[in-house]
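# No letters, just coordinates:
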C-alpha cells in the first residue's frame with residue numbers, strides 16, 4: 001500500500017494484434033496482490049484506446065505487455081498521445097521481448113523502465129510504487 005489515501009491505479013494493456021496475454025494477466029494479478037487497483041483492457045487495443053482508458057480511469061501508471069516486436073511503434077505512439085493529453089505525471093512502463101538498445105531508445109523518449117520476461121513481479125510492483133511516490137501528487 002502506498003502512503004496516499006487510495007491504492008495506486010494501474011492500467012494493463014495489450015496493444016495491436018499480439019494475442020498472448022498470459023504474462024499481462026500474471027502481472028495484473030501480481031499488482032493486485034501488491035495492493036494496487038488494476039484495470040486490464042484485454043487484447044487488441046489501439047494506443048488511442050489505451051490512453052483514453054487511462055484518462056477515464058485516472059490511473060497512475062500504464063503497463064503495456066508486448067511480445068509482437070511492435071514496441072518501437074507502440075510505445076512512441078502511446079507516449080506521444082500521453083504528452084498531447086497532458087499526462088506527464090503518469091508512468092508508461094511495460095515488458096516483453098524488447099532488446100536492450102530499443103529499451104534505451106524508448107527510455108530517452110520518456111518511457112519508464114521496461115521489463116524482460118522472468119522479471120520478479122515484486123520488482124515490477126516496487127518500481128511502480130517508487131515511481132508513483134516520487135512523481136504523483138494525490
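Now that the structure is in, tell me what you want to look at. Keep in mind it's a predicted model, so treat the numbers as computed, not measured.

# Pop out the phi and psi values for residue 38.
In this entry, residue 38 is assigned phi and psi values of phi -120, psi 130 (degrees, to the nearest 10).

# who's in contact with it?
With contacts defined as Cβ atoms under 8 Å, 6 or more residues apart in numbering, residue 38 is in contact with 9, 10, 11, 12, 28, 31, 32. For the C-beta atoms, the positions are set from N, CA and C on the backbone; glycine is no exception.

# Adding pLDDT, secondary structure and distance to residue 59 as columns, could you present those in CSV?
Converted to CSV, the contacts of residue 38 look like this (pLDDT from 0 to 100; DSSP: H, G, I helix; E, B strand; the rest coil; distance: Cβ to Cβ, whole Å):
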residue, pLDDT, secondary structure, distance to residue 59
9, 98, strand, 4
10, 98, strand, 6
11, 98, strand, 5
12, 97, strand, 10
28, 96, helix, 13
31, 98, helix, 11
32, 98, helix, 14
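
# Out of these, which comes closest to residue 61?
Nearest to residue 61 among those: residue 10, at 4.6 Å, using Cβ to Cβ.

# what's across from the closest one in the sheet?
Here residue 10 shows beta-bridge partners residue 38, residue 61, assigned using DSSP bridges.
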